[in-house]
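In: no sequence on this one, just coordinates:
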């Protein structure tokens, strides 16, 4: 068997059914051999490699299987970089296979040669270059094991063309133990006991729920845990959907554009229980004024995240599910109704000052929040919401009511504009029973608009909603607030999107009036195929509340 | 926060590009490495990096834990100056012309515990091991005679603590056993059967 067939056979051994990618000179042998297994592995031809990487990430997130994508050498590999970085910083497992020029040409600036190892080293969990066919199966087995275990991440395998073309005796074994890699740390019971003690004594506890709850598949035990001690649950952006938004213990999103109550209560709580999150600067605001009054418990699988941004009192270096399983029996049933009521009181303030105006406005142009509210209400929170980055993302995160785990796909750490459309496409490949809604701004949509072609070819029923304000809204908001309304390079003239979609065979509609919104969304959701809805929204709408840069969480402003 | 000189000791597997991965951790934080050496350790196949830099304890702690997180790194730790025994080696190529009618160089070699490696018609090569300050001092003394070339190695350092690499490897084995068990537990808890499934 030749090396390229060994790649295909290894992927079959891992039960891979979907690959996103784009062919080119160096990777042609793999594509040729893949054709033999068209019935088992479906390859999705994207329109740009960045789209392949984002789609793979979203596919990984909704399917619970490690996504795989292909790119050829040189520009194929460099085009993948943004998507690789995005998945890595958000801890999503992905195996990326790139082909490389023949090993004899490496380092010579050969045609379509680039140093994939050097380029991807800072943005991957692990990478490896394969120059001999017999190393292919073992390297791929290792790649899957490393990508998905512990804190997940991206693995890049770069295979030279001569390795793809030379012969080997194929044998696939699951990855053997890697001596230097032990992804699941042993739990220290003394830390569990200390944490239980703090939780049982706490009068004003606050749980910070992060992506780790979803990654560790710990949603059920998490729910048992917070319900037993009646702990208010605040979520990070990527933690959203790990716990139902409608649950009485859910108090909203943390951070820069999060909800009012969980931010101000961070600086009033006597105990912070951070679970599978990393105290990102968008969550903490000014660190020197972050939760100084509280004891902090941090459950985190990545040791290097513990005490990185915030010094904690009890560190539980562990997988979230493992830690909560050990912690739960030690937690006493408890009630914190007075404390919870404080959140509800703050919620009323936020509702009056922000939410009512954003989601139920009576005058002015259509608001982005109002569009999300209609989408959320009409799908009863059962859709998969995929956002782009910026105002649309914050509106989606704030106002969509999530009912099922992994139903928000968004670019958290990297904040990648152009993520939304290809990610929605990747999610729609797997999700068949619920609508997949891409909620995008006019800026981000145009960054990866070419993927409409993939959506057309694959007949993916993605519901694309573009909220168009003819601005790069979030940057414009900052210019409004901090640059004296000097709108430098943020005004954008947009083309006739409906016509463009029509060209791709995607039905579409544009609305400008509030009274058309509900019916337009009904029409979109009723459509069996892909559908495009452009909503012209208020040009200078801002996202509030906001923790302005350099401010503390308790200094969050409502307007 | 006060800055100190730290010696970072890293044990790794032998993997192409790992040195690059390690150095990225420093460059990302805009930290300048004073010296770096790498060689095989007392255990075959395990490599030992010795990295010296000046920074705060807070920073070195974070750097070391990010290095330890790398897949092929077995262990990384940091030490203050008095917690290690260390040496550097320096070579000096000195013009012979200036030495012809003088016993100064002989004195310098003798008093500085240096030694002469080679004597050629045009030059001699002197070697000295010691702390950086000591090799620097000899350099300054030799300068008037005309130093044609001067080179100093990175630091090599051994730690004073009693715990040796073999006991770390045993700990690592134990940690791996435990990690495998937790993984199996997660797999058996309805978390999918294939390695390509999220756990």
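Out: On my side now, so go ahead. Quantities reported herein were computed from a predicted structural model and do not represent experimental measurements.

In: Tell me the pLDDT of residue 57.
Out: I'll assume chain A. Note for residue A:57: predicted pLDDT of 98.

In: Wait, chain B was what I had in mind.
Out: Looking at residue B:57, its pLDDT reads 96.

In: Please apply the same query to the one 5 residues further on.
Out: On pLDDT, residue B:62 comes in at 96.

In: again, but for the one 5 residues further on
Out: As predicted, residue B:67 sits at a pLDDT of 97.

In: And residue B:98, by the same measure?
Out: As predicted, residue B:98 sits at a pLDDT of 71.

In: quick one, what contacts it?
Out: Counting by CB atoms under 8 Å, 6 or more residues apart in numbering or on different chains, residue B:98 touches B:144, B:145, B:146. Where you see a C-beta, it was placed from the backbone N, CA and C, and this is true even at glycine.

In: Can I take it that it is in a helix?
Out: Yes. Under DSSP: H, G, I helix; E, B strand; the rest coil, residue B:98 sits within a helix.

In: Quick check: the gap between it and residue B:154.
Out: Going from residue B:98 to residue B:154 by CB to CB, to the nearest Å gives 30 Å.

In: What lies in contact with the top helix by length along chain B?
Out: If each helix of chain B is counted by residues according to DSSP state H, the longest one is helix B:165-188. The contact list for helix B:165-188 (CB under 8 Å, 6+ apart) reads A:149, A:177, A:179-180, A:182-186, A:217, A:319, A:321-322, B:11, B:41-43, B:46, B:74-75, B:193, B:199.

In: Check the contacts of residue B:98 for burial and list the buried ones.
Out: Taking 16 or more other CB atoms under 10 Å in any protein chain shown as the criterion, what is buried in these is residue B:145.

In: buried stuff in the lowest-mean-pLDDT helix or strand in chain B?
Out: Lowest by mean pLDDT, DSSP states H and E among the helices and strands of chain B is helix B:104-111, with a mean of 87. Applying a neighbour-count criterion of 16+ other CB under 10 Å, one finds B:105, B:108, B:109 buried in helix B:104-111.

In: contacting residues around the residue nearest in space to the middle of chain B?
Out: Centroid check for chain B by CA atoms, centre = their mean gives residue B:50 as the closest residue, at 1.5 Å. Residue B:50 sits next to B:7, B:8, B:9, B:35, B:36, B:37, B:38, B:86, B:154, B:155, B:156, B:157 when contact means CB under 8 Å, 6+ apart.

In: which residues does the fourth one contact?
Out: By CB under 8 Å, 6+ apart, the contact list for residue B:35 reads B:50, B:51, B:52, B:88, B:153, B:154, B:155.

In: redo that, cut-off 7 Å
Out: B:52, B:154, B:155 (CB atoms under 7 Å, 6 or more residues apart in numbering or on different chains).

In: What distance do you get for it to residue B:132?
Out: Going from residue B:35 to residue B:132 by CB to CB gives 8 Å.

In: Filter the contacts of helix B:165-188 down to just the ones in strands.
Out: Residues of these located in strands (DSSP state E): B:11, B:74, B:75.

In: If the first one is in a bridge, with which residues?
Out: In this structure, residue B:11 bridges to residue B:48, residue B:75 when assessed by DSSP bridges.

In: surely it meets residue B:77?
Out: No. Counting by CB atoms under 7 Å, residue B:11 does not reach residue B:77; the two are 9.0 Å apart.

In: Who has more neighbours out of these two?
Out: residue B:11 (21 against 17; other CB atoms under 10 Å in any protein chain shown).

In: What helix or strand is residue A:433 located in?
Out: Under the criterion DSSP states H and E, no helix or strand holds residue A:433.

In: typo on my end, residue A:325
Out: If you go by DSSP H and E, residue A:325 is part of helix A:320-327.

In: ok, then the element right after that helix?
Out: Using DSSP H and E, the helix or strand that directly follows helix A:320-327 along the chain is helix A:337-350.
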